[in-house]
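S.K.: Any chance you can model this:
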Amino acid sequence: MKEPKLKEENINYTIDSLKMDGFVVYDENVEGKRPAVLVVHEWWGLNDYVKMRARELAKLGYIAMAVDMYGNGRRADNPTDASNLAMPFYQNPQMAKINFEAALNKFKTYSQADANNIAAIGYCFGGGVLLNLARMGEDLKGVVSFHGSLVGTPADKNLLKAQILVCHGNADPFVPETEVTQFKKQMDSIGAKYIFKGYDGALHAFTNPNATEMGKKFNLPIAYNAAADTASWKEMKQFFTVLFK
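M.R.: Below is the predicted model:
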């Protein structure tokens, strides 16, 4: 195996008056089309963390795109601003659908992207957004939610196309056990194909190495958990191996 030779591109596109950013990365040593994975950010916006995740996906042989959901260069460095940016998308999933699909359509223009093998992963806000979109019938092969909210749009067996993997921190106070139960009941009621993995002792944002520091700074119950991070990434890799067969 050759060492990956990563090619990174910052891309721009517009949705009405919004100027959107995107970050695409792939391994130039891999030839031809390959499965494509979109990465949806935490409530902070398109930052270095999701770009890092996109690079890790590219090293696995995928083409990856870190998606900008907010537009106009908006990012947050504190919970108040982050909440103000994220909340409209929870209240209006249709807006999330429009912004996500604009990114998806831009991503599909890459000759390296196999349009028949597209999935998405999301973190916190991004995980919740993707589960909403999957329930709304987004045409993706699979979605992976890492420490995302679980309950939102209604489940409809006539709409759901994507297979689902949920990686959840069992100690996450933002997504309590009642929500976990509700999500599973909702998925089971429509016979959905999903995998649910819970990690004991893992708080919200357990995959993000910066979470512990941010938690202390803003007195939020979030923290990095190396064991849960490693285990959930491994679950995602296995999920994609089966999904993209």
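S.K.: For Tyr49, give me its contacts.
M.R.: Tyr49 makes contacts with 41-42, 123, 208, 210, as judged by CB atoms under 8 Å, 6 or more residues apart in numbering. C-beta: built from backbone N, CA, C; applies to glycine.
S.K.: Find the helix or strand that it is a member of.
M.R.: Of the helices and strands defined by DSSP states H and E, Tyr49 is found in helix 48-59.
S.K.: if we can go back for a sec, compile the contacts of Tyr49 into a markdown table and extend it with columns for neighbour count, secondary structure and distance to Glu8.
M.R.: Listed next are the contacts of Tyr49 as a markdown table, based on neighbours: other CB atoms under 10 Å; DSSP: H, G, I helix; E, B strand; the rest coil; distance: CB to CB, whole Å:
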| residue | neighbour count | secondary structure | distance to Glu8 |
| --- | --- | --- | --- |
| His41 | 25 | coil | 17 |
| Glu42 | 29 | coil | 20 |
| Tyr123 | 28 | strand | 20 |
| Asn208 | 27 | coil | 21 |
| Asn210 | 16 | coil | 21 |
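S.K.: closest to Leu60 among the residues you listed?
M.R.: Tyr123 (17.0 Å; CB to CB).
S.K.: any idea how far Glu138 is from the closest one?
M.R.: As judged by CB to CB, to the nearest Å, Tyr123 and Glu138 stand 17 Å apart.
S.K.: quick one: which helix or strand includes Gln182?
M.R.: Per DSSP H and E: helix 177-189 holds Gln182.
S.K.: quick one: that helix to chain centroid distance?
M.R.: Relative to its chain's centre, helix 177-189 lies at 20 Å (CA atoms, centre = their mean, to the nearest Å).
S.K.: From the contact counts, what lies against that helix?
M.R.: strand 163-169, strand 194-199 (3 or more CB pairs under 8 Å, 6 or more residues apart in numbering; DSSP states H and E).
S.K.: Would you reformat the ones you listed as TSV and include mean neighbour count?
M.R.: Formatted as TSV, the helices and strands packed on helix 177-189 follow (neighbours: other CB atoms under 10 Å):
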stretch	mean neighbour count
strand 163-169	24
strand 194-199	17
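S.K.: and the ones you listed as CSV, adding mean pLDDT?
M.R.: Formatted as CSV, those follow (pLDDT from 0 to 100):
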stretch, mean pLDDT
strand 163-169, 98
strand 194-199, 98
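S.K.: In a markdown table: these, plus distance to Gly148.
M.R.: Shown next, in a markdown table, are the helices and strands packed on helix 177-189 (distance: least, CB to CB, whole Å):
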| stretch | distance to Gly148 |
| --- | --- |
| strand 163-169 | 8 |
| strand 194-199 | 12 |
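S.K.: so which of the ones you listed comes closest to Asn84?
M.R.: Using CB to CB, these put strand 163-169 closest to Asn84, at 24.4 Å.
S.K.: Need the contact partners of the closest one.
M.R.: 127, 131, 134, 141-148, 150, 175, 180, 183, 187, 192-199, 201-204, 206-207, 225, 228, 232, 235-236, 239, 243.
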